[in-house]
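>>> Mind looking at a prediction? Sequence and model below.
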Amino acid sequence: MPDAPTIDTGNTAWLLISSAIVLLMTPGLALFYGGLNRSRGVLNMMMMSFSSMGLISILWLFYGFSVAFGDDQNGIWGDLGQYLGTKTFMAETDLWGETGIPLYVFMAFQMMFAIITVALISGAVSDRAKFSGWLLFAFGWATLVYFPVAHMVWGGGFIGAKLGALDFAGGTAVHINAGAAALALALVLGKRVGWPRDAMKPHNVPMVALGAGLLWFGWFGFNAGSELTADSTTAIAFLNTQVATGAAVLGWIIVEWLRNGKATLVGASSGAIAGLVAITPACAFVAPW
């Protein structure tokens, strides 16, 4: 008889660390968005990110993970009952595939992705959405959009399995997905009152930079952690995350210098986020140079 699968402590430790630092990205996002916001709306802006940490965690446990990573049913969602939150997976043999990682650790890692994907959308509704309305939207969008799209890309659905799309760490499931929702919300809610007549400068630039730094730090878990195991592919994803982001910061600084005669901290922070987003889907598929 074949040996029973056993826990790989190295891979498990790496994914636990990655999960924790990916969660840190959401408070980082709250600081980044909050600093860019006007002072009167900063608390509402930051609460949208923090509330996502609570709401999406519960939804993911009870049915989100099952929809996203359950056995494929029709190319769009997984078996709802397979990992339903009322079931338990605490045995030594409850592992995720061939990784040697406990199923709950993989569930937690992907939970952090779901949280920040919802939180990313909030920047598009700055000064224009009530907190109660945001919570209702977050509940519906996570349920009807993110969970099925995550399945379509990573869980055996038609984007990944049928179309063969390559998305190592979230370019489609996270960034395009959240970006489309942000655009839709911005179109529905319209312009901020007073724009473009009134100046709407960031109220706290150091907060912006701190948020960008925390996002940059957490992104190593986001990208390199998506390999699940600690191997050479993890190393490539890790290095590419740093190099691409550094190049984007430098590029933004140069453009600002040429256009405006000086570089800015908001620009450098924006460049960092742009680089992180750009490399995410391909971070394990391209050479660092």
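Arrived safely. Residues are numbered from 1 along each chain as shown.

>>> From here on, just use CA atoms for contacts and neighbour counts.
Fine.

>>> Using PDB, write out the CA atom coordinates for whichever strand or helix holds Val188.
In this structure, Val188 is located in helix 177-189 according to DSSP states H and E. Only the C-alpha atoms of helix 177-189 are listed here, as PDB (Å, rounded to 0.1, in the frame of the first residue of the first chain):
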ATOM      1  CA  ASN A 177     -11.500  41.700 -11.500                       C
ATOM      2  CA  ALA A 178     -11.300  44.500  -8.900                       C
ATOM      3  CA  GLY A 179     -10.500  47.100 -11.500                       C
ATOM      4  CA  ALA A 180     -13.600  46.300 -13.500                       C
ATOM      5  CA  ALA A 181     -15.700  46.600 -10.400                       C
ATOM      6  CA  ALA A 182     -14.100  49.800  -9.400                       C
ATOM      7  CA  LEU A 183     -14.800  51.300 -12.900                       C
ATOM      8  CA  ALA A 184     -18.400  50.200 -12.700                       C
ATOM      9  CA  LEU A 185     -18.900  51.800  -9.300                       C
ATOM     10  CA  ALA A 186     -17.200  55.000 -10.300                       C
ATOM     11  CA  LEU A 187     -19.500  55.300 -13.400                       C
ATOM     12  CA  VAL A 188     -22.600  54.600 -11.200                       C
ATOM     13  CA  LEU A 189     -21.700  57.000  -8.400                       C
END
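
>>> Show me which positions of it end up buried.
Neighbour counts over helix 177-189 (16 or more other C-alpha atoms under 10 Å) mark 177-179, 181-182, 185-186 as buried.

>>> which residue packs closest to Glu121, ignoring adjacent ones?
One correction, residue 121 is Ile, not Glu. Ala182 (5.0 Å; C-alpha to C-alpha, 6 or more residues apart in numbering).

>>> Pull the contacting residues for that neighbour.
121-125 (C-alpha atoms under 8 Å, 6 or more residues apart in numbering).

>>> Now those residues in TSV, please, with extra columns for neighbour count and secondary structure.
Shown next, in TSV, are these (neighbours: other C-alpha atoms under 10 Å; DSSP: H, G, I helix; E, B strand; the rest coil):
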residue	neighbour count	secondary structure
Ile121	25	helix
Ser122	25	helix
Gly123	21	helix
Ala124	20	helix
Val125	22	helix
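
>>> Can you tell me which of those residues is nearest Gly97?
Nearest to Gly97 among those is Ile121, at 31.6 Å by C-alpha to C-alpha.

>>> For that closest one, which residues are in contact?
Ile121 neighbours (C-alpha under 8 Å, 6+ apart): 178-179, 181-182.

>>> mind putting these in TSV, pLDDT and distance to Met200 included?
Output for these, formatted as TSV (pLDDT from 0 to 100; distance: C-alpha to C-alpha, whole Å):
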residue	pLDDT	distance to Met200
Ala178	97	24
Gly179	96	22
Ala181	97	23
Ala182	96	19
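
>>> still on that earlier bit, how far away from the center of its chain is the helix holding Val188?
Chain-centre distance of helix 177-189: 16 Å, with C-alpha atoms, centre = their mean, to the nearest Å.
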